[in-house]
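Asker: Need the 3D shape of this:
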Amino acid sequence: MMNKPLCPCCFKAFSASILQDGNDSNPNSTTNGSFNFSSICGTCEPTKVERALATKAAATNTSSSASSAVVVPPILWLLTPQEIEEATQTILTATKRNLDEIASTPLSNVTFENTIAKLMCPPNYKTNPQIAACKFLQHCSPDAQIREAASNAGKLFAKSRVEGRMRSDVYERVVAFSKTEECQQHRLGEYERHFVTASLQDFERAGLALSREDSAELQRLLEEDSKVCSAYGKNLGGDATKLFFAPEELRGCTEDFIKERLGKDVEGKCTISLKYPDIIPIGQTCEVAETRRLVSEAREGVNAYKNNLDLVAEGVQLRKKIATLLGYPSWAEYICTKRMSGSFQAVDEFLTNLQTKLEAAGRDDYETLLQLKKDHCKDMSIDFDEKLNAWDTGYYGNELLKSKGVDSEKIREYFPLDHVVSTTMEIYQELLGLTFTELLQGMYWSWHKEVRCFHVKDTASDNSIGHFYLDLHPRDGKYGHAAIFHLVKHNSTHGAVDCMLCNLPASTEGKPSLLRHQNVVTFFHEFGHIMHGLCSEGIGNSTRLAKCPRDFVEAPSQMLENWCWQKSILERLSKHYQSGEKLPDAMLNDMIQAKHVNVAFGSLRQIYLSRLDLEIHGPHPPKTAEELQSLVDKLRPAITLVENPPGNNMLRTFGHLMNQYSASYYGYMWAEVLSADMFATRFEKEGVMNPKVGMDYRKMVLAPGGTHNISDHLTKFLGRPPSNEAFLKSRGILK
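Answerer: I've put the predicted structure just below:
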């Protein structure tokens, strides 16, 4: 259960579970069947018990088909840096051997089994559960040495995948197979046929038509980009910045917020980190503008996150060179051609059209917030600077909601985390025809005692689909945002495994964790990604097989956010932490009425982020941190109407652009259009909890993954081609 070793008392607490396979008769369990961890100290060297839990999958998992009493995730977890290093080398050796075996097959003898099947589930991709064991813990292990070893493993696997895509001898065998009768006469299944096509495209996009010299240079550039992105992420995850404020400097924040942070490090001062449970309440509720400014500067200013701005400049230059070698005018064009959008021009037109339609309403929203600030400054007898600053928008946006009867702090009392989590899972099970069973603590290994694990089955057939982990609270060394990590993909021997890493506030002594409504929406959204990963039915690896294009991937989860604005669902999700009452009708109706307050202003910010992403990945990317700063200083006010604070640059924290979302952030807006259409056309008309519509959604949208054309899947689900009408209506652009 922990990366630290177990002493005899810990051994005693775990032993019955291991021997009895998690049977509820365990004498060490509590009345609800889970272990009492108060007796576990977790301070000694690793023991056979911890290792038995870490490798339990080898003994208890049989296949993805059904129903042993205890089915744990199919990952044999590794407990030391040395084990991670050794397992990584074993995987890399097996990967090269697998490719060499394909390459040694005579071109006249290629078959599906000796060529394509070996590429569908190679050792160095996520169909191998040990990839997760080697590299995932870089994002969440409490042990810095484990995080470092896992990060190094991730870099080596990325390098290995690049090398694999550059194997012309393997590519030749795939080409040869694509011309065989076995392939051309449609003897393959749907996913297998798609995999052959996708593999050919991936090899060709990797530059196999290049000269040997250019091919070597391309491989070097890809490896360098991977290293730069890894260093950027390490700076984010390893940040331990602390700010200290007197209680009066946090005026407007709740008493509980101040009390929980007072005196933790400095007597008489509140300790504030740069993690969301700290910075969001300050940004939205702290009346002291200087405090908000200091927090904003700590997160985006010149001293934030080490050399991340330099790393962005280095990364965008590397990607431009990669695109040039492959014959594309920019990284953005290279990326967009394999997305749902199809081209940079299509994205450019999409964003320009939206910005034009939103500008007038966005200006009105800005003026409304500015008037609120003016009135507030007058009431407080402080100078009014006649503009909205970057650190003002969250605070006055929240004040605007309060003026509409929406008090975010009061609403929090109706959303205790445990109730929100359990009810969200109930809703998804009902909607998608799934059954979740939580594994008792002590039945499985995890990297921290707060981590929960669930087994997922198809309700109708009782077949196992996979597992998911929930790791919901902030801690040092953990990934600082909210995200889903697809740890394991389906193959013929096991189901998928996903993990949600969030930074939701933790419970304190005497008071449960309470969520803002936006936190509820975030959790519901991220859980939708888990469902997408588990319900995808493709078996094998390809960037477009078991998952969909990046500019569609957000659509299913964004569509599901609508549930958090339906009266019937809010009544289920809410439960006052003291009285147990549901959210009162008056508060609920005010929330729903205020859903689109300030929405045009917020949408302009999303367009700005999308434009920023595309600009730095365009034909002439900035070469230095100084050029990146100039771009942000120019672009932010031009689109959002808000000046960029001197020296501040959100690219220091914009992790999306230093991973798979580079040149793809526009996908959030693109997906919003599609999600609005899906919700309005089917669920809003036929019932948000209609099980038939839910199953149609699961089978027609989630299950196909990235096979074929996403628009075709949506057309089948909608009964017509996708339209932007519902989105424009939801933004008040169309009546």
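Asker: so how far is stretch 695-712 from its chain's centroid?
Answerer: 20 Å (C-alpha atoms, centre = their mean, to the nearest Å).
Asker: Counting neighbours, which bits of it end up buried?
Answerer: 697-702, 704-707, 710 (16 or more other C-beta atoms under 10 Å). To be clear about C-beta, it is placed using only N, CA and C from the backbone, and glycine gets the same treatment.
Asker: now the residue nearest to residue 636 when sequence neighbours are not counted, what's its secondary structure?
Answerer: Excluding its sequence neighbours, the residue lying closest to residue 636 (C-beta to C-beta, 6 or more residues apart in numbering) is residue 644, at 4.3 Å. Assigned state for residue 644: coil (three-state reduction, DSSP: H, G, I helix; E, B strand; the rest coil).
Asker: ranges for the strands of the chain?
Answerer: Residue ranges of the strands in the chain, as given by DSSP state E, are 243-245, 270-272, 434-438, 452-458, 464-471, 483-488, 496-501.
Asker: got the contact list for the second one?
Answerer: Outside of strand 270-272, the residues that reach it under the criterion C-beta atoms under 8 Å, 6 or more residues apart in numbering are 242-247, 250, 258, 261-262, 264-265, 278-279, 282, 295.
Asker: rerun that using 7 Å as the cut-off
Answerer: The contact list for strand 270-272 (C-beta atoms under 7 Å, 6 or more residues apart in numbering) reads 242-245, 247, 250, 258, 261-262, 264-265, 278, 282, 295.
Asker: try the longest one
Answerer: Contacts to strand 464-471, defined as C-beta under 7 Å, 6+ apart, come from residues 64-66, 71, 73, 140, 446, 448, 450-458, 495-501, 530, 534.
Asker: buried residues in it?
Answerer: Buried residues in strand 464-471 (16+ other C-beta under 10 Å): 464-471.
Asker: quick revisit: quick check: phi and psi on the residue nearest to residue 636?
Answerer: With angles defined as degrees, to the nearest 10, residue 644 sits at phi -80, psi 130.
Asker: any idea how far it is from residue 613?
Answerer: 16 Å (C-beta to C-beta, to the nearest Å).
Asker: neighbour count winner among these two?
Answerer: Ranked by neighbour count (other C-beta atoms under 10 Å), residue 644 and residue 613 place residue 613 first, with 24 against 19.
Asker: can you give me the helices for the stretch 251-400 of the chain?
Answerer: Here the stretch 251-400 of the chain has its helices, by DSSP state H, counting those that start in this stretch, at 255-261, 276-285, 289-300, 308-325, 331-336, 344-380, 393-403.
Asker: Run through who's touching the shortest one.
Answerer: Surrounding helix 331-336, the residues in contact under the criterion C-beta under 7 Å, 6+ apart are 319-320, 322-323, 326, 328, 342-344, 347, 614, 617-618, 662-664.
Asker: Give the residue spans of the stretch 601-735 of the chain that score low on pLDDT.
Answerer: Filtered on pLDDT under 70, the stretch 601-735 of the chain yields the residue ranges 706.
Asker: Just the helices from it, written as ranges.
Answerer: 625-640, 667-678, 684-686, 691-697, 710-718, 725-730.
Asker: Measure how buried residue 734 is and give me the count.
Answerer: 12.
Asker: Once you drop chain neighbours, what's closest to it?
Answerer: Nearest non-adjacent residue to residue 734, counting by C-beta to C-beta, 6+ apart: residue 728, 4.2 Å away.
Asker: Nearest to residue 169, out of the helices of the stretch 251-400 of the chain?
Answerer: Among the helices of the stretch 251-400 of the chain, helix 308-325 comes nearest to residue 169, with 20.6 Å by C-beta to C-beta.
Asker: Can you list the neighbours in contact with that closest one?
Answerer: By C-beta under 7 Å, 6+ apart, helix 308-325 touches 207, 210, 214, 217-218, 221-222, 224-225, 228-229, 231-232, 235, 330-331, 333-334, 616-617, 621-625, 628, 649, 651-652, 657-658, 662.
Asker: switch the cut-off to 6 Å
Answerer: Applying C-beta atoms under 6 Å, 6 or more residues apart in numbering, the contact partners of helix 308-325 are 214, 218, 221, 224-225, 228, 231-232, 235, 330-331, 334, 616-617, 621, 624-625, 628, 649, 651-652.
Asker: Emit the ChimeraX select command for whichever of these are buried.
Answerer: The ChimeraX selection below is limited to those of the contacts of helix 308-325 classed as buried (16+ other C-beta under 10 Å):
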select :218,221,224,225,228,231,232,235,330,331,334,616,617,621,625,628,649,651,652
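Asker: and the helices of the stretch 601-735 of the chain as JSON lines, adding distance to residue 161?
Answerer: Below are the helices of the stretch 601-735 of the chain laid out as JSON lines (distance: least, C-beta to C-beta, whole Å):
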{"stretch": "helix 625-640", "distance to residue 161": "28"}
{"stretch": "helix 667-678", "distance to residue 161": "22"}
{"stretch": "helix 684-686", "distance to residue 161": "42"}
{"stretch": "helix 691-697", "distance to residue 161": "32"}
{"stretch": "helix 710-718", "distance to residue 161": "24"}
{"stretch": "helix 725-730", "distance to residue 161": "36"}
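Asker: deepest of those, which one?
Answerer: Compared across the helices of the stretch 601-735 of the chain, helix 667-678 shows the largest average neighbour count, a mean of 23 (mean count of other C-beta atoms under 10 Å).
Asker: what's the angle from that helix to helix 710-718?
Answerer: Interaxial angle, helix 667-678 versus helix 710-718 (axes from the mean of the first three to the mean of the last three C-alpha atoms, to 10 degrees): 30 degrees.
Asker: And helix 667-678, what does it pack against?
Answerer: Using 3 or more C-beta pairs under 6 Å, 6 or more residues apart in numbering; DSSP states H and E, the elements in contact with helix 667-678 are helix 555-560, helix 725-730.
Asker: okay if I get those helices as CSV plus distance to residue 286?
Answerer: Converted to CSV, the helices and strands packed on helix 667-678 look like this (distance: least, C-beta to C-beta, whole Å):
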stretch, distance to residue 286
helix 555-560, 29
helix 725-730, 31
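Asker: Could you point out which of the ones you listed sits nearest residue 569?
Answerer: helix 555-560 (10.4 Å).
Asker: can you give me how far the closest one is from the chain middle?
Answerer: Using C-alpha atoms, centre = their mean, the offset of helix 555-560 from its chain centre is 13 Å.
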